[in-house]
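Participant: with the input below, show me the fold.
(2 chains)
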Protein chains: 2
Amino acid sequence: MGRRALLLLLLSFLAPWATIALRPALRALGSLHLPTNPTSLPAVAKNYSVLYFQQKVDHFGFNTVKTFNQRYLVADKYWKKNGGSILFYTGNEGDIIWFCNNTGFMWDVAEELKAMLVFAEHRYYGESLPFGDNSFKDSRHLNFLTSEQALADFAELIKHLKRTIPGAENQPVIAIGGSYGGMLAAWFRMKYPHMVVGALAASAPIWQFEDLVPCGVFMKIVTTDFRKSGPHCSESIHRSWDAINRLSNTGSGLQWLTGALHLCSPLTSQDIQHLKDWISETWVNLAMVDYPYASNFLQPLPAWPIKVVCQYLKNPNVSDSLLLQNIFQALNVYYNYSGQVKCLNISETATSSLGTLGWSYQACTEVVMPFCTNGVDDMFEPHSWNLKELSDDCFQQWGVRPRPSWITTMYGGKNISSHTNIVFSNGELDPWSGGGVTKDITDTLVAVTISEGAHHLDLRTKNALDPMSVLLARSLEVRHMKNWIRDFYDSAGKQH
Amino acid sequence: MGRRALLLLLLSFLAPWATIALRPALRALGSLHLPTNPTSLPAVAKNYSVLYFQQKVDHFGFNTVKTFNQRYLVADKYWKKNGGSILFYTGNEGDIIWFCNNTGFMWDVAEELKAMLVFAEHRYYGESLPFGDNSFKDSRHLNFLTSEQALADFAELIKHLKRTIPGAENQPVIAIGGSYGGMLAAWFRMKYPHMVVGALAASAPIWQFEDLVPCGVFMKIVTTDFRKSGPHCSESIHRSWDAINRLSNTGSGLQWLTGALHLCSPLTSQDIQHLKDWISETWVNLAMVDYPYASNFLQPLPAWPIKVVCQYLKNPNVSDSLLLQNIFQALNVYYNYSGQVKCLNISETATSSLGTLGWSYQACTEVVMPFCTNGVDDMFEPHSWNLKELSDDCFQQWGVRPRPSWITTMYGGKNISSHTNIVFSNGELDPWSGGGVTKDITDTLVAVTISEGAHHLDLRTKNALDPMSVLLARSLEVRHMKNWIRDFYDSAGKQH
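Facilitator: I've put the predicted structure just below:
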């Protein structure tokens, strides 16, 4: 149970509740994936139209004629019909408005690229539910939740835009996405190069599959982030697991832990693995959002939050109880930066804008990412990758079994050099960079690395505290996009 | 009814019975698609192993776990583990043994390329039936008959071969196919460039969709073939339709026609459109197999069969009855070259190795090819392209409706210049060349035209009567394949 939960939480990308969704008692939380209230989203004032496009539920079969409405957002303030472009966000596992509001980069470059911005919601997330409230009912209803169907949605939507928006027809489209959305952007360029002239795939771990990278690389990077953010910080965390194990051996220890960690519900010995998973997940999330300025992506946080966290974790060689009190202070940075939180809830870790049920299903089918820890190269308890256990859990929850090699068969694994015009950007602080493309593959399949960047920092809006490395990355990205646009118009000019 | 039948017969590629399959009375003919007896196939002695690979029925969904056995053939007489290659025939709409026996080119070049030959059967054809005898039962069982599923089968099979055949893992694979198989070869390289280093797409009309080419081009080329093969030949055919219409106006005329055309069953006035469709289809088939030597692809035929046919069609300005007697002589060349046939059966036109039910379904779903005639640029009665009628007929027969623009969305239509390493070969006599790529798109997407070639003549085994144009074409094709293989090994060498 414990290992499974850890593995599943790591599978959960930015939707860490996948692990929770698997717990029978909490399955009712499924409603979390339903449309969130846009007013609860970050208060960046973005001016866009909310539109809907009728998509086929099944692009790859003809037996069902069912359709659903895919939501998408369009912002055309800076769009020019002459010489303009279309930046197309390939939506990932969440509410598209949330991604729109967290992808300020596209808004920042719109004027320079004379670009229309389009944000397309991924099927089964946000409002784009193929079967409405029944979408997650069973494997029959979930059968159309795949990356291939999502890419086909994007293709049909782009055709629709070109057909219906005067001036759009003869313009270059660029796919942009981050995280799983970055994988989709890259895959979209690979599979539909006739639809997009290029792709910016930010923090896209397209190689976090099968044995393309070592399964331990992700947690090793998390560990490095903590090690570099303060003296003895990762050691303190490393030591904390045994301390928790010892303290939780007795009823009084459990009671003490509940109090010391300010938990909302009393711990039982059955909760301990879940507690450790929840803490691990917190460190993982911090590694993803270790941004150089105060932000609110998964939670409201200070600048360089790991540094702040590590101020409480300077001394590993203290008693178990003192160590856990320090761990609480560290967790409290993540969960209670605003100071308004009364207690910590080990069932929650991040924004509710992410679709956890959908992602849990994807992690049980196509998106099978092996993770492991050994406690030596990383600061976690050792857990090996166990496909059998994952498969059984998936079968129990969804009635489906993962196909761990399918993504490689479909999208090429490391053998992708025949494709062109993809920029893979990765932040060196981001644990997902371990499964990303961090070296140039060819002249047109290029890697951009951001030494001071966490998870797709480059896609965030510009900030006075942006480090030089992200400014440089964005400038490179814009240069590539301009080249793709120029090549498109050059080639169109030759044809006339 | 008439137009529908003509359009469907033209949709039927090398499986002209699609039109027949639609006729309720003849639906029982569906069993024709079932495994044919290999001993009834051309007597070319090919030495291959017949093997089976377990494929998922649905690569694009996880709800069904059903599998089926895909048949494939392997010949490795000339294969070299060192520096060799794998030529992979992307099977099309028929029994793979029949395609194997009619693709002598691969056998002829095997030694030169040190190649293993693999012929993969297309799902729903030959023995590769996902639901056995129920495969064509209804749209639910047919739901997995798409080009996308077939390409995924090929990808999984190649992975299997590389995994299980020692020495195959680090070898370049080249996709080869003709006709719809040629389309699959090209699409396979486009969608799975990590699986094949290049593709030879022979007589592959990848542009015979939507409005990518004029709908009349196909029948125009058929007409040109007849016009150039004998004086007044196409004029005679052009005149024959009205002559049939006039003769079939009376009972005695129908009786006379039945006798003059040596038909097996007496004609009724309801049969006239079908008769004309059957005759049109004969001319179309002759245009496809107008080979420079005696052959037996669709029927046993003499060399340059249209020339032989046209010897009977020199004089259009004769009485209706004399014209129809001449038409019979011409038809008799196609249906009775052996002299053994007692009467002509308007329900049959070609070999039974092709899967007609499957193709009829594909023509009703993805493979929607617009055809039309105007009787001015061609020698046929005018028929416009009528998607609505096709759609209604398809719905009636299969319970599905065609998606005419899907293939273009999926495979790019004319916007394919970002792909690499595909040779598109076309014979100028072949009516399918009208929807093919007959001009170079880039340095690595090249067109090879064969001035004296009919339908994928280049894929046939070498023959003393081969015209220079096909010898040149094959030599170019081999040169490209050798370049792809060389580039593969060069690149592999650099990595070590």
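
Participant: domains in chain A, by residue range?
Facilitator: A:47-205+A:415-492, A:214-353+A:367-383 (the TED database).

Participant: can those go into JSON lines with extra columns for mean pLDDT?
Facilitator: Below are the domains of chain A laid out as JSON lines (pLDDT from 0 to 100):
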{"stretch": "domain A:47-205+A:415-492", "mean pLDDT": "97"}
{"stretch": "domain A:214-353+A:367-383", "mean pLDDT": "94"}
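
Participant: tell me which of these sits most buried.
Facilitator: domain A:47-205+A:415-492 (a mean of 21; mean count of other CB atoms under 10 Å in any protein chain shown). C-betas here are computed from N, CA, C, even on glycine.

Participant: and the longest helix seen in chain A, what does it pack against?
Facilitator: Using DSSP state H, we find that the single longest helix of chain A is helix A:468-495. Judged by 3 or more CB pairs under 8 Å, 6 or more residues apart in numbering or on different chains; DSSP states H and E, helix A:468-495 is in contact with helix A:104-109, strand A:173-178, strand A:198-202, strand A:422-427, strand A:445-450.

Participant: tilt between it and strand A:445-450?
Facilitator: Relative orientation of helix A:468-495 versus strand A:445-450 (axes from the mean of the first three to the mean of the last three CA atoms, to 10 degrees): 150 degrees.

Participant: the stretch 1-150 of chain A: helices as residue ranges?
Facilitator: For the stretch 1-150 of chain A, the helices defined by DSSP state H, counting those that start in this stretch cover A:2-11, A:18-21, A:96-101, A:104-109, A:147-164.

Participant: so A:Lys191 touches B:Pro193, yeah?
Facilitator: No. A:Lys191 is beyond contact range of B:Pro193, at 10.4 Å (criterion: CB atoms under 8 Å).

Participant: contacts only, for the residue of the stretch 351-496 of chain A found nearest chain B.
Facilitator: Of the residues in the stretch 351-496 of chain A, the one nearest chain B is A:Gly412, at a distance of 3.4 Å by CB to the nearest CB. Neighbour list for A:Gly412: A:190, A:419, B:192-194 [criterion: CB atoms under 8 Å, 6 or more residues apart in numbering or on different chains].

Participant: what residues does the stretch 1-150 of chain A have near chain B?
Facilitator: A:59-63, A:65, A:139-140, A:142-144, A:146, A:148-149 (CB under 8 Å from any CB of the partner chain).

Participant: again, only this time at 10 Å
Facilitator: A:56, A:58-65, A:138-149 (CB under 10 Å from any CB of the partner chain).

Participant: which residues of the stretch 151-300 of chain A fall in helices?
Facilitator: For the stretch 151-300 of chain A, the helices defined by DSSP H, counting those that start in this stretch cover A:180-191, A:217-228, A:233-247, A:251-260, A:272-288.

Participant: and the angle from the shortest one to helix A:272-288?
Facilitator: Relative orientation of helix A:251-260 versus helix A:272-288 (the same axes, to 10 degrees): 30 degrees.

Participant: how far is helix A:251-260 from where the chain is centred?
Facilitator: 34 Å (CA atoms, centre = their mean, to the nearest Å).

Participant: same check, this time on the third one
Facilitator: Chain-centre distance of helix A:233-247: 27 Å, with CA atoms, centre = their mean.

Participant: that helix - contacts with which helices or strands?
Facilitator: helix A:217-228, helix A:251-260, helix A:272-288, helix A:305-310, helix A:320-335 (3 or more CB pairs under 10 Å, 6 or more residues apart in numbering or on different chains; DSSP states H and E).

Participant: looking at those helices, which is nearest to B:Phe488?
Facilitator: helix A:217-228 (29.1 Å; CB to CB).

Participant: tell me what the closest one is packed against?
Facilitator: Taking 3+ CB pairs under 10 Å, 6+ apart as the contact cut, helix A:217-228 packs with helix A:2-11, helix A:233-247, helix A:272-288, helix A:305-310.

Participant: so it versus helix A:272-288, what angle?
Facilitator: 70 degrees.

Participant: I'd like the domains of chain A as CSV, with distance to B:Val478 appended.
Facilitator: What follows is these, written out as CSV (distance: least, CB to CB, whole Å):
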stretch, distance to B:Val478
domain A:47-205+A:415-492, 21
domain A:214-353+A:367-383, 41
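
Participant: hmm, back to that, looking at the helices of the stretch 151-300 of chain A, which is closest to B:His232?
Facilitator: helix A:180-191 (51.3 Å).

Participant: contacting residues around the residue lying closest to A:Tyr52 once chain neighbours are set aside?
Facilitator: For A:Tyr52, ignoring the flanking residues on the chain, the nearest one in space by CB to CB, 6 or more residues apart in numbering or on different chains is A:Asn69 at 4.1 Å. By CB atoms under 10 Å, 6 or more residues apart in numbering or on different chains, the contact list for A:Asn69 reads A:51-55, A:121, A:127-130.

Participant: filter the residues you listed down to the ones in strands?
Facilitator: Per DSSP state E, strands hold the following members of the contacts of A:Asn69: A:51-55.

Participant: closest to A:Phe218 out of those residues?
Facilitator: Relative to A:Phe218, and with distances defined as CB to CB, the nearest of those is A:Gln55, at 33.1 Å.

Participant: pretty sure that closest one sits against A:His122.
Facilitator: No. If you go by CB atoms under 10 Å, A:Gln55 and A:His122 don't touch, sitting 11.3 Å apart.

Participant: mind listing the shared neighbours of these two?
Facilitator: A:70, A:128, A:149-150, A:153-154.

Participant: stretch A:414-423 vs chain B: in contact?
Facilitator: Yes. Interface with chain B: stretch A:414-423 contributes A:414-421 (CB under 10 Å from any CB).

Participant: could you export that stretch as PDB, CA atoms only?
Facilitator: Output in PDB follows, covering the C-alpha atoms of stretch A:414-423 (Å, rounded to 0.1, in the frame of the first residue of the first chain):
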ATOM      1  CA  LYS A 414      14.900   8.500 -27.800                       C
ATOM      2  CA  ASN A 415      14.700   8.000 -31.500                       C
ATOM      3  CA  ILE A 416      13.100  11.300 -32.500                       C
ATOM      4  CA  SER A 417      15.900  12.900 -34.600                       C
ATOM      5  CA  SER A 418      13.900  12.900 -37.800                       C
ATOM      6  CA  HIS A 419      11.500  15.500 -36.400                       C
ATOM      7  CA  THR A 420      12.100  19.200 -36.600                       C
ATOM      8  CA  ASN A 421      11.300  22.500 -34.900                       C
ATOM      9  CA  ILE A 422      10.900  21.600 -31.300                       C
ATOM     10  CA  VAL A 423      12.400  23.600 -28.400                       C
END
